[in-house]
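Enquirer: structure for this input, please:
(one chain, ligands or ions: 2)
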Amino acid sequence: MSKTSLDKSKIKFLLLEGVHQSALDTLQQAGYTNIEYLKTALPQDELKEKIKDAHFVGIRSRTQLTREVFESAEKLIAVGCFCIGTNQVDLTAATEKGVVVFNAPFSNTRSVAELVIAEAIMLLRGIPEKNAVCHRGGWLKSAVDSFEIRGKNLGIIGYGSIGAQVSVLAESLGMKVFFYDTITKLPLGNATQIRDLNELLGMSDIVTLHVPETPETKDMFGKAEFDAMKEKSILLNASRGTVVDIDALAEALASKKLLGTAIDVFPVEPRGNADEFVSPLREFDNAILTPHIGGSTQEAQENIGLEVAEKLVKYSDTGTSISSVNFPEVALPSHPGQHRILHIHQNIPGVLTEINTVFSENNINICGQYLQTNEKVGYVVIDVEADFSQLALEKLQQVNGTIRIRRLF
Ligand SMILES: NC(=O)c1ccc[n+]([C@@H]2O[C@H](COP(=O)([O-])OP(=O)(O)OC[C@H]3O[C@@H](n4cnc5c(N)ncnc54)[C@H](O)[C@@H]3O)[C@@H](O)[C@H]2O)c1
Ligand SMILES: O=C(O)CC[C@@H](O)C(=O)O
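Expert: Ligands and ions are numbered 1, 2, ... in the order given. Down below sits the predicted model:
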């Protein structure tokens, strides 16, 4: 059963970066009509201004939610990342502020995997160069450096949701799949995990990157890695722009070490379609350069819009934090007729005792309670009789370590 803490029309959603219509539809069907919808990301100053009165914000990969932005977001309850990556959000700051962050971990994996396979085929045939020559009025009919994908070695770095899908598609085309991951992964089909990155690089005709942006993956692919690759091999990157040293890649293309490359993500990306794209890779015809559209298909965007908006609605209506990326996961079945209190607090000793004391000292019966903690915060959902919820709210606000409290009725 859906509850709400405020008149739903007063709960403000700020949706940025042109998230799919399915997100708007989902929110509106759930009764949320106070939605500001923008097609682009915002510069930090504008973002800080706009986010001030937002209870929920929806973003994709461009919007940087820094600690400073969270400081301005006085009313913010939750963030929806309408994508897989959450590296654009300062998750520590969000957690400390009691802001729950959700994403869509699976909805665009197939789209990325399909693009990667298509690019591998195009590059093995030299199509980007041949296409460019035709556009300039030339004719490059030749089989030199043109190969079938069948029987080639594919090296996948990061065997998660996307890497594993690429693996399955590649095998269906007759490729031999090897992968490198920091943790032991169950290989799908006939794929083989290789424990040493350099070994993988030395044996792969095509290397494709599917790791998240983390301090460990920053610049993980530089000159040493290009040197370790096979002569005339191919590098694909549809993960994050910080993973590859672009100057080292430009050198590897200039020296003809690589047959080609396909890059979807860049260390610096334009804020919107009107801004210029600047990159040393622009001069290479054998580089497929795409504007971070690995997950940009109608199918993926529609599913993501639905998935993330549903998570936001559920959190707003019931306090359910299941599948959040930064918060303890809590889902308490609804107790009809009761009020619900959501209490987010610092995870320090004694808070739960203080919370329970509030109820015992004031003779307030707890009808249902669910607590979960992570290393930073505790999140407790408590159902109480309607007549006592205001008193409980006032008393709980005074509990030491309280970060945020909300009442649903
Ligand atoms: N281009 C796009 O539009 C697009 C779309 C979706 C996702 N992405 C990016 O792709 C990334 C991967 O997505 P996913 O859903 O497969 O993520 P995932 O979390 O399912 O998989 C990532 C894998 O990388 C491994 N890994 C982490 N650090 C590593 C390291 N240092 N070396 C080797 N392996 C490492 C993990 O163990 C995991 O198996 C996302 O984080 C996102 O940044 C890009
Ligand atoms: O849609 C986007 O902006 C990002 C897509 C992709 O990088 C993701 O992390 O899912």
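Enquirer: please count neighbours and contacts with C-alpha atoms only from this point.
Expert: Fine.
Enquirer: in terms of helices and strands, where is Ala309?
Expert: helix 298-318 (DSSP states H and E).
Enquirer: what comes up buried for that helix?
Expert: For helix 298-318, the buried set under the neighbour-count rule, 16 or more other Cα atoms under 10 Å, comprises 300-318.
Enquirer: do stretch 157-172 as well
Expert: 157-160, 162-171.
Enquirer: same deal with stretch 183-197?
Expert: Per 16+ other Cα under 10 Å, stretch 183-197 contains these buried residues: Pro187, Ala191, Thr192, Gln193, Ile194, Leu197.
Enquirer: for the second one, report the pLDDT, please.
Expert: pLDDT for Ala191: 98.
Enquirer: that one contacts Lys176, correct?
Expert: Yes: the pair Ala191 and Lys176 passes the contact test of Cα atoms under 8 Å, sitting 7.0 Å apart.
Enquirer: low-scoring stretches of the protein, by residue?
Expert: Applying pLDDT under 70 to the chain flags residues 1-5.
Enquirer: got the residues of it near ligand 2?
Expert: Residues of the chain lying close to ligand 2 by Cα under 6 Å from any ligand atom are Arg60, Ser61, Cys83, Ile84, Gly85, Gly295.
Enquirer: so how far is Pro43 from the residue of the stretch 1-150 of the chain found nearest ligand 1?
Expert: Relative to ligand 1, the nearest point of the stretch 1-150 of the chain is Gly85 (4.4 Å; Cα to the nearest ligand atom). From Gly85 across to Pro43, the span is 20 Å (Cα to Cα, to the nearest Å).
Enquirer: of those two, give the one with the bigger neighbour count.
Expert: Gly85 (17 against 12; other Cα atoms under 10 Å).
Enquirer: and the residue of the stretch 251-400 of the chain that's closest to ligand 1?
Expert: Gly294 (3.5 Å).
Enquirer: give me phi/psi at the residue nearest to that residue when sequence neighbours are not counted?
Expert: Using Cα to Cα, 6 or more residues apart in numbering and skipping residues adjacent in sequence, the residue nearest Gly294 is Val112, 4.6 Å away. Per-residue torsions, Val112: phi -70, psi -40 (degrees, to the nearest 10).
Enquirer: run a quick neighbour tally on Val112.
Expert: Counted with other Cα under 10 Å, the neighbours of Val112 add up to 24.
Enquirer: over to Thr40?
Expert: Neighbours around Thr40, by other Cα under 10 Å: 18.
Enquirer: now the strands for the stretch 201-350 of the chain?
Expert: 206-209, 233-237, 258-263, 287-289, 339-346 (DSSP state E, counting those that start in this stretch).
Enquirer: any chance of these in TSV, with mean neighbour count and distance to Tyr32 too?
Expert: Shown next, in TSV, are these (neighbours: other Cα atoms under 10 Å; distance: least, Cα to Cα, whole Å):
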stretch	mean neighbour count	distance to Tyr32
strand 206-209	25	39
strand 233-237	23	38
strand 258-263	25	38
strand 287-289	21	39
strand 339-346	24	20
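Enquirer: just to revisit the earlier point, most neighbours out of the residues of the chain next to ligand 2, which is it?
Expert: Cys83 (25 neighbours).
Enquirer: any idea how far that residue is from Ala386?
Expert: Distance of Cys83 to Ala386, computed by Cα to Cα: 38 Å.
Enquirer: equivalent analysis for Ala78, please.
Expert: Ala78 is 25 Å from Ala386, by Cα to Cα.
Enquirer: Lys48 too?
Expert: 37 Å.
Enquirer: comparing those two, which residue is more hemmed in?
Expert: Lys48 (19 against 12).
Enquirer: count the neighbours of the closest residue to Leu124 other than its chain neighbours for me.
Expert: Spatial nearest neighbour of Leu124, excluding adjacent residues (Cα to Cα, 6+ apart): Phe147 at 5.3 Å. As a burial measure, Phe147 scores 14 neighbours (other Cα under 10 Å).
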